[in-house]
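K.L.:
build the 3D model from these lines:
(one chain, ligands or ions: 1)
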Amino acid sequence: MQRSIAYRTALAWVATFFLGGCATVATNTSHTFDTVVVDAGHGGKDSGAYRRNAPPEKMVALDVALRVDRKLRESHLKTVLTRSNDTFIPLDSRVALGNAEQNSIFVSIHFNDSRRRGVEGFETYYHSPYAYDLAAAIERTLSTLPGTVNRGVHTARFRVLRNAHYPSVLVECGYLSNRSEARDAADADYREMLADRIAEAIVDYRYGNGTYHRPAAVVTRAGGAASSLPSFR
Ligand SMILES: [Zn+2]
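P.N.:
Model (predicted):
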């Protein structure tokens, strides 16, 4: 059985190589991973979404990513950050960092933008079918936040998904173009809750429902932990 899986995986690699296809055949580490590569979208010269009344996407994505990173480490998973400060990292370098981590998954954190200010909600993206369940789990836990809109799980050919060797998901944590979600994104307590739900999805997905230990301070919004990390208003 093991041998036949290995054989089929090898065949798939050979096919990909000779056909010259750009899609990578992901290795299914979704139930074995011990490392999470946490990718804060954008950075440095690349601000990502940038609206007048909202913090730049690169800042809030980094802040949520750092919080997710801390929570995962507290849950005894190994983590690797693609960036831990305001630096520009090319997409291919992010993918390479992830692919260098054996037995890992890749989680990219972003915020969204739309010309239509009324558009709101969370979206989670994946490319490899091996990443679907994790994407769905993240979407589901984010939807437990009060007053949120679930825009669903979608496939996408983003480079950090398409070229990943391991299951890779991209989370859009709300629209900075939407007044209410921009206000939420600017609030450190809210970002703490976003990170908490993302970490919960990852930990419970890996080790089983109910494994994640939520710090008491994150349970309600009003009771959110005071944070030493920057607040953007
Ligand atoms: Zn983005």
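K.L.:
and Ala199, what does it touch?
P.N.:
Val68, Lys71, Leu72, Ser75, Tyr212 (Cβ atoms under 8 Å, 6 or more residues apart in numbering). The way it works is simple: take the backbone N, C-alpha and C, and place the C-beta from them, glycine included.
K.L.:
surely the first one touches Ser108?
P.N.:
No: look at Val68 against Ser108 with Cβ atoms under 8 Å: they stay out of range, at 10.8 Å.
K.L.:
so what sits against both of these two?
P.N.:
With Cβ under 8 Å, 6+ apart, Val68 and Ser108 have no common neighbours.
K.L.:
which of the three states applies to Val64?
P.N.:
At Val64, secondary structure determined by DSSP: H, G, I helix; E, B strand; the rest coil is helix.
K.L.:
ok, it - contacts?
P.N.:
Contacts of Val64 by Cβ under 8 Å, 6+ apart are Ala40, Ile109, Cys173, Arg191, Leu194, Ala195, Ile198.
K.L.:
check the gap between it and His31 for me.
P.N.:
Look at Val64 and His31: by Cβ to Cβ, to the nearest Å, they are 25 Å apart.
K.L.:
same check, this time on Met193
P.N.:
From Met193 to His31 the distance is 27 Å (Cβ to Cβ).
K.L.:
secondary structure element holding Met211?
P.N.:
Met isn't right for residue 211; it's Thr. Using DSSP states H and E, Thr211 falls within no helix or strand.
K.L.:
and it, what does it touch?
P.N.:
Ser75, Val203, Asp204.
K.L.:
does stretch 125-140 reach the ion?
P.N.:
No: using Cβ under 5 Å from the ion, stretch 125-140 stays clear of the ion, with a minimum separation of 10.9 Å.
K.L.:
buried among the contacts of Thr211? Make that a PyMOL selection.
P.N.:
Selection of buried members from those for PyMOL, criterion 16 or more other Cβ atoms under 10 Å:
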select buried, resi 75+203+204
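K.L.:
could I get the contacts of Thr211 as a markdown table with pLDDT, distance to Ala185 and secondary structure?
P.N.:
What follows is the contacts of Thr211, written out as a markdown table (pLDDT from 0 to 100; distance: Cβ to Cβ, whole Å; DSSP: H, G, I helix; E, B strand; the rest coil):
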| residue | pLDDT | distance to Ala185 | secondary structure |
| --- | --- | --- | --- |
| Ser75 | 95 | 24 | coil |
| Val203 | 97 | 23 | helix |
| Asp204 | 96 | 24 | helix |
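K.L.:
many thanks, we can stop here.
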